[in-house]
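> Got a predicted structure here, sequence first:
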Amino acid sequence: MPKDRAHIQESRPGATSWLCRDDFDRERMLDMEERVRPVRQRALGILAIALIAAGPWLGWWPALFLIPAALCFGAADLLMPRVARPELLMFGAWIGSGLVIGGAVALSGGPSEPTLSWLAIPVITLSSRFPMRGVVVGVIVNIAILLTVAFGVDAGRVIDDPVLVIVPVALLLCVAVLSTPLMRSDIQHRSDAVIDQLTGMLNRKALSTRVAELAQQSQLTGESIGIIVGDLDHFKQINDTRGHSVGDVVLKEVAYQMRKQLRAFDLAYRLGGEEFLILLPGSDLEQSAALAEKLRQAVASNGVAGGLEITMSFGVGASQGGEPFDYPAVFKTADAALYRAKRNGRDRVCLSEDAETVSAPVGVPVFA
């Protein structure tokens, strides 16, 4: 196993973090980073022009600090597809940008220069990427940088004229406070757009975004990516005989039972109706089949909707290690395996290779 792949697999089991509590947080952060990247590049260009134009008065060294800032974010963009917690990498790059601005301010004169207020600029992007806890930590970090620069360069002047730090600190806090409602509004709209409101799982729109990311990631890591497609057995009969309200309860409780079996980095989606899909980064066909069997057993052994017995059929597919992830092709094989599971008696798992059935209820023949 290549070294980078081994590192990824070792780090993934705890893929949740204080910045991303679930798949939706990480999905949002990655999507916003794609949107922020070109704007960030333009902002760095504006700062460079301003520093060069002010060079005769501020000096030329501050402009050079923009180079490590650009390199820091460039390295983060390159490494994000390879790590299990890209949000931590991006937050580290964000802190690095604050340190770079702080260094530029220190060289240009410290608290006596208007460039001290530039530490409010990175705060604007905090709420677009991270939840409230990330915003709070980021604001505290940048205030600490601001005070360190001000007191470190000329503590006496700050003590004599505290307005030099009061005003930029107030500006930084105002930027953070005013951007918070926009963050919450964005989260609500995105949640409505990519979360299935009945089951709480991600929906097809979220699936298309993550598939593109996994395809790019697989090109870098060469790891396999598994797909499990599951469908409730005889669900139409439940709706017809028990009513759609009971059917909704069944879907919610089955989704809950399935999520309990998943690892932190497995991605669960409701495709529509009673059909679900699980994306399994780093899992080959055998590993994906093992998890599908756990899902089948969990659903079959736990009564839902007040004791109603439910079963599910599953089809499993996976990309080959060392090859790019071709979602349409892998999904097609998993979907075909699901249809075989349905034809062969339901309540079982079928693989995409050689039409192999890996499980069946007791007393039911296994079809190959």
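Yep, that arrived.
> For the helix or strand harbouring Val153, buried residues please.
Per DSSP states H and E, Val153 falls inside helix 132-160. Residues of helix 132-160 classed as buried: 134-135, 137-139, 141-143, 145-146, 149-151, 153-154, 158 (neighbour count, 16 or more other C-beta atoms under 10 Å). The way it works is simple: take the backbone N, C-alpha and C, and place the C-beta from them, glycine included.
> Could you work out the most separated pair of those residues?
Spanning the widest gap among the buried residues of helix 132-160 are Gly134 and Asp154, at 31.5 Å by C-beta to C-beta.
> Now Cys350: which helix or strand?
Following DSSP H and E, the helix or strand that holds Cys350 is strand 349-351.
> Partner strands of that strand, with direction?
Strand 349-351 has its sheet partners listed here by DSSP bridges as strand 312-318 (parallel), strand 357-359 (antiparallel).
> Point out the most buried one among the ones you listed.
strand 312-318 (a mean of 28; mean count of other C-beta atoms under 10 Å).
> For that one, what is the distance to the chain centroid?
24 Å (C-alpha atoms, centre = their mean, to the nearest Å).
> and the next element down the chain from that strand?
According to DSSP H and E, the helix or strand after strand 312-318 is helix 327-343.
> buried stuff in that following helix?
327, 330-331, 333-338, 340-342.
> Just say helix, strand or coil for Gly200.
coil (DSSP: H, G, I helix; E, B strand; the rest coil).
> Setting aside sequence neighbours, what's the nearest residue to Trp61?
Leaving aside its sequence neighbours, Trp61 sits nearest to Leu107 (C-beta to C-beta, 6 or more residues apart in numbering; 4.7 Å).
> Gly59 is in contact with that neighbour, correct?
Yes. The pair Leu107 / Gly59 is scored as a contact, 6.5 Å apart, by C-beta atoms under 8 Å.
> which of those two has more neighbours?
Leu107 (20 against 14; other C-beta atoms under 10 Å).
> What is the distance between the helix or strand encompassing the more buried one and the centre of its chain?
Per DSSP H and E, Leu107 falls inside helix 86-108. Relative to its chain's centre, helix 86-108 lies at 22 Å (C-alpha atoms, centre = their mean).
> which non-adjacent residue is nearest Glu113?
Val105 (6.4 Å).
> per-residue confidence at that neighbour?
If you check Val105, the pLDDT there is 84.
> Quick one: the helices in the stretch 151-300 of the chain, in order.
Taking DSSP state H, counting those that start in this stretch, the helices of the stretch 151-300 of the chain run over residues 163-194, 204-221, 235-242, 244-261, 285-301.
> want to throw the ones you listed into JSON lines with mean neighbour count, distance to Ala53 and mean pLDDT?
Below are the helices of the stretch 151-300 of the chain laid out as JSON lines (neighbours: other C-beta atoms under 10 Å; distance: least, C-beta to C-beta, whole Å; pLDDT from 0 to 100):
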{"stretch": "helix 163-194", "mean neighbour count": "15", "distance to Ala53": "21", "mean pLDDT": "78"}
{"stretch": "helix 204-221", "mean neighbour count": "17", "distance to Ala53": "39", "mean pLDDT": "84"}
{"stretch": "helix 235-242", "mean neighbour count": "14", "distance to Ala53": "67", "mean pLDDT": "89"}
{"stretch": "helix 244-261", "mean neighbour count": "17", "distance to Ala53": "55", "mean pLDDT": "90"}
{"stretch": "helix 285-301", "mean neighbour count": "20", "distance to Ala53": "57", "mean pLDDT": "94"}
